[in-house]
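for reference, the sequence and a predicted model appear below.
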There are 2 protein chains.
Amino acid sequence: MNQINQVAVIGGSHGNELIGVYLVKKFQKYPDLIKRTSFKTLSLLGNPQAINAGRRYIDRDLNRCFLPSNLPTSEMSNYEELRAREIQNFLQTSNQNLVDVIIDLHTTTANMGICLIFGNMHPILLNLAAYLSSINPLVKVYIHEQPRNSGFLRSLSELGFAIEVGAIAQGILDAELFQQTEKIVYAALDFLESFNQGKNICTTNSLTIYKSINAVDYPRDKNGEIQAMIHPQLQFKDYQPLYPGDPIFLTLEGKKISYEGKSIVYPIFINEAAYYEKGIAMYFSYKQEIELSSSSL
Amino acid sequence: MNQINQVAVIGGSHGNELIGVYLVKKFQKYPDLIKRTSFKTLSLLGNPQAINAGRRYIDRDLNRCFLPSNLPTSEMSNYEELRAREIQNFLQTSNQNLVDVIIDLHTTTANMGICLIFGNMHPILLNLAAYLSSINPLVKVYIHEQPRNSGFLRSLSELGFAIEVGAIAQGILDAELFQQTEKIVYAALDFLESFNQGKNICTTNSLTIYKSINAVDYPRDKNGEIQAMIHPQLQFKDYQPLYPGDPIFLTLEGKKISYEGKSIVYPIFINEAAYYEKGIAMYFSYKQEIELSSSSL
């Protein structure tokens, strides 16, 4: 990619993740905040009905609906499928390509700090991440490799990514996390502006990333009922090493369950509220230091 | 009251407050845990449909539906009104009186510790509170005086009270808070058992209480849109003194708003997710030390 022409900032794809909702409302009130000279910036509330209802979604998780589909709009059965199609149309530029960059704002009840979630290891994304983590040490990078159009909003663009901010409860604002997220959005836009100007403002050439291994569910009985909770020693310990034998769950009866794997893993998304129904207690990841080549930009 | 004959422990009146939900499931699996010799203990999941949906309520907040009403069941228009009637029937003992004690388990995104909420200052409740706070210093007492049958489940019984546990996000379990709440429930039952046996196991005769003054809403524009967040210096500072001039809100633009009252207040329920729609950013309370008379039991 030689030039970024359009960037979209989207909040409220999940209606109860308020930091993104109120940041986008602010950007729509003061569009100069996200305006840069070398590209156009769009902003959008992802799921207005869910925002009004104070819920993650109405019928189905919107951020799993961005799939290639041959269904005509009239045959779509629920609100989020229709809304996903509307958003795709909104993000479509005149030449039939989607916007070059999507910044999708989320929050999580897990202690994820300010986590950039990438579906690929594009050098522009990695240099952006290194720049943002130099601004705020809370910035972490999670690589969950996914093909284009895999259901996630961010997967519509090669340079699409999510910013997952936490720990914060669903349905509330947190002023500190709001302001930190806001600064990271501005810094991301500044980075893209400098890229368009042929500069790389990232001054570091190394980056720590966490790469997804697999999801881990809660212990459940044969009816699917949860039988254990995240162990207190693991709660809020996202990105920390988990060693074989370390406690991972605590049953409702108070019995410890240990991690039985053979290698060190780095759990993230620990105890995310929205993942109970998805059968995910956490993701295991491995930690990796990588070298960046700014010349590849 | 000379004798407590029946006690009800209820969880999941709000479907996304999981500690109460899973405690009641545990009590129903192991009923001996809440069995005592001198009274009968019932346990109940308050709002099964909302629990399944992972939401606070389906149509209307169940914990505002316990009102005297002459409507026949057939004319009730929504799920929670019907469910409130069902719960009242369940709690009705053979002599047409309701259970003597209701323990209603809740969680909150505010940093409330383990808060006992009383609608009156009955000496049994105050001695119970003093006993429980001697067991766990996280136990606090909030007095929000209300008449019987004022809408809240707890208001059905003179000795009804809520246990509000936090800070915890909606939709998740927290093992430490789960176990602390569980211990408090057992200790409350032990206290009631000792009362029936003519003893008062509370060994302290003083108690700190927080008495409700008024609710405070977020700054909003003329359309009702929130214009400011809880100030970072106030977030999670429930029960701490707020002095005239202290910061209370931070606007989305980053401007500080100070508390303009003339006296010290003690904010509680700061930034509770479910109260955004109710127009409540926090409650102001005043702090009071009271002397208990065990002889009045």
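Good, I have the coordinates. Numbers count the residues shown, from 1 in each chain, chains lettered A, B, ... in the order given.

could you use CA atoms for every contact and neighbour count after this?
Will do.

where does A:Ala110 land in three-state SS?
The assignment at A:Ala110 comes out as coil when based on DSSP: H, G, I helix; E, B strand; the rest coil.

for chain B, what's the nearest residue on the stretch 151-297 of chain A?
Sorted by distance to chain B under C-alpha to the nearest C-alpha, the residues of the stretch 151-297 of chain A start with A:Ala169, at 4.3 Å.

report pLDDT for whichever residue of the stretch 1-150 of chain A sits closest to chain B.
When scored by C-alpha to the nearest C-alpha, the stretch 1-150 of chain A has A:Thr109 as its residue closest to chain B, at 6.6 Å. At A:Thr109, the pLDDT value in this model is 98.

quick one: contacts for it?
Under the criterion of C-alpha atoms under 8 Å, 6 or more residues apart in numbering or on different chains, the contact partners of A:Thr109 comprise A:166-170, A:271-273, B:169.

how about 10 Å then?
Contacts for A:Thr109 (C-alpha atoms under 10 Å, 6 or more residues apart in numbering or on different chains) come out as A:17, A:164-170, A:236, A:269-274, B:168-172.

how much space separates it from B:Val21?
Using C-alpha to C-alpha, to the nearest Å, we find A:Thr109 at a distance of 19 Å from B:Val21.

tell me what the helix or strand bottoming out on mean pLDDT in chain A is packed against?
Confidence across the helices and strands of chain A bottoms out at helix A:79-91, with a mean of 93, counting by mean pLDDT, DSSP states H and E. Helix A:79-91 sits against strand A:6-11, strand A:40-45, helix A:48-53, with contacts defined as 3 or more C-alpha pairs under 10 Å, 6 or more residues apart in numbering or on different chains; DSSP states H and E.

using CSV, write out every CA atom in the first one.
The C-alpha trace of strand A:6-11 is given here as CSV (Å, rounded to 0.1, in the frame of the first residue of the first chain):
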residue,chain,number,x,y,z
GLN,A,6,-9.8,6.8,3.8
VAL,A,7,-9.9,5.7,7.5
ALA,A,8,-13.0,4.7,9.4
VAL,A,9,-13.3,5.0,13.2
ILE,A,10,-16.2,2.9,14.5
GLY,A,11,-17.6,2.7,18.1
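
pretty sure A:Val216 is touching A:Gly261, no?
No. With the criterion set as C-alpha atoms under 10 Å, A:Val216 and A:Gly261 do not qualify as a contacting pair; they are 11.7 Å apart.

what lines up beside the helix or strand harbouring A:Lys211 in the sheet?
Take DSSP states H and E as the rule and A:Lys211 turns out to sit in strand A:206-216. Counting by DSSP bridges, the strands paired with strand A:206-216 are strand A:139-143 (parallel), strand A:282-291 (antiparallel).

which of these is buried the deepest?
Taking mean count of other C-alpha atoms under 10 Å in any protein chain shown as the contact definition, the stretch among the strands paired with strand A:206-216 with the greatest mean neighbour count is strand A:139-143, which reaches a mean of 22.

next helix or strand past that strand?
Under the assignment DSSP H and E, the closest C-terminal helix or strand after strand A:139-143 is strand A:159-166.

quick one on the thing from earlier: quick check: which of the helices and strands packed on helix A:79-91 is buried the most?
For the helices and strands packed on helix A:79-91, where neighbours mean mean count of other C-alpha under 10 Å, the stretch averaging the most is strand A:6-11, with a mean of 23.

many thanks, have a good one.
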